[in-house]
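here is my input; please provide its structure:
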Amino acid sequence: MLEARHGEYRHAVCPYPSRQNIEMLPEGNDYGQAAKGAYIVAGSDENPDVILVASGSEVSTLVAGAALLRADGVKVRIVSCPSRRLVPQPVSVLSGRNPARRSQDIRPHRRPARQPPRSGRCQRQGVRLGKLRFLGSLQGARRETRLHGAERVQPSQRNALMMEVKTVGLASDHAGYALKQFVKEYLAEKGYAYKDFGTDSEASCDYADYAHPLAQAVEGGECYPGIAICGSGEGISMTLNKHQGIRAGLSWIPEIAHLCRQHNDANVLVMPGRFIDTDMARRIMDEFFATDFEGGRHQNRIDKMPVK
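Numbers count the residues shown, from 1 in each chain. Next comes the predicted model:
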């Protein structure tokens with residue numbers, strides 16, 4: 001039947017039944033243009049104000065929508081695009097060739113060839129971005145970070161690199177209060193003394209009221225290190241870092257905590273109370289307390305931090 005009705009087609013034609021209540025397209029479409037990737041649906045206006053492009057059953061939706069636009073005096077052209085790969089693309093955009101070479105301006109779109117993995121390019125697994133490598137996804141999966149000249153500390157090495165903890169200073173706002181209670185349990189478990197500068201409940205408050213006393217205690221040597229928490233961690237870290245002697249590092253994964261200590265000599269750990277759970281907080285604190293400052297070239301950078 002199809003051959004009799006559509007004898008002009010040299011390729012096989014296959015009807016595709018649908019369970020959707022789809023309106024038929026207007027008659028008179030030049031379906032042969034689909035071999036180029038797209039065709040103009042019959043009934044489209046000349047010199048259109050807007051061109052609507054869709055594929056599959058959504059083309060019928062555009063036909064119905066075009067009627068509403070035309071009622072408002074808008075000229076509409078509808079394009080059905082079964083295959084974007086076949087639609088010609090300007091070579092000047094795809095390959096950077098001279099647009100003045102008219103014979104080469106239009107070429108079928110091709111996907112760029114895959115580049116071999118190399119330093120500075122992202123790979124899906126064992127990603128290496130220059131000197132920085134991430135293993136695993138950014139959410140949920142266990143992550144490892146390695147920097148050139150800054151290898152991740154192994155558990156067997158941690159005792160030799162543990163920071164010298166005095167009294168740990170604590171501060172939070174209402175959004176960080178719940179996580180701060182867990183931090184207290186963690187510190188007691190590890191045998192670390194602590195001093196809590198507030199807040200003392202989940203009642204709404206301002207993080208700056210507790211960040212400043214913590215910063216002053218760390219600067220004055222009363223506490224070392226400090227741990228501060230607010231909802232995102234941003235506000236309280238910004239406040240802490242107003243103090244010239246404070247290097248507060250916002251950490252949401254253990255690797256960031258490791259680098260805050262190893263490269264930046266962070267003396268206050270900041271965590272985002274609304275974005276991490278207690279298990280992640282434990283891992284972050286384990287890494288923070290287990291890592292010492294590397295010194296060397298990093299000390300030169302630390303010396304330039306204070307405003308003079």
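
and residue 245, how many neighbours?
13 (other C-beta atoms under 10 Å). Quick note: C-beta positions are derived from backbone N, CA and C, even for glycine.

surely it touches residue 218?
Yes: with contact defined as C-beta atoms under 8 Å, residue 245 counts as touching residue 218 (7.1 Å).

mind listing the shared neighbours of the two?
Residues touching both residue 245 and residue 218 by C-beta atoms under 8 Å, 6 or more residues apart in numbering: residue 267.

secondary structure element for residue 64?
Assigned by DSSP states H and E, residue 64 falls within helix 58-71.

elements contacting the next helix or strand after that helix?
Next helix or strand after helix 58-71 toward the C-terminus (DSSP H and E): strand 76-80. Counting by 3 or more C-beta pairs under 8 Å, 6 or more residues apart in numbering; DSSP states H and E, the packing neighbours recorded for strand 76-80 are strand 39-40, strand 50-54, helix 58-71.

got these as TSV, with mean pLDDT columns?
Output for the helices and strands packed on strand 76-80, formatted as TSV (pLDDT from 0 to 100):
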stretch	mean pLDDT
strand 39-40	86
strand 50-54	88
helix 58-71	84
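
can you put the ones you listed in TSV and add distance to residue 250?
Converted to TSV, these look like this (distance: least, C-beta to C-beta, whole Å):
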stretch	distance to residue 250
strand 39-40	54
strand 50-54	44
helix 58-71	44
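
possible to save those as JSON lines with mean neighbour count and distance to residue 31?
Converted to JSON lines, the helices and strands packed on strand 76-80 look like this (neighbours: other C-beta atoms under 10 Å; distance: least, C-beta to C-beta, whole Å):
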{"stretch": "strand 39-40", "mean neighbour count": "16", "distance to residue 31": "6"}
{"stretch": "strand 50-54", "mean neighbour count": "15", "distance to residue 31": "16"}
{"stretch": "helix 58-71", "mean neighbour count": "15", "distance to residue 31": "12"}
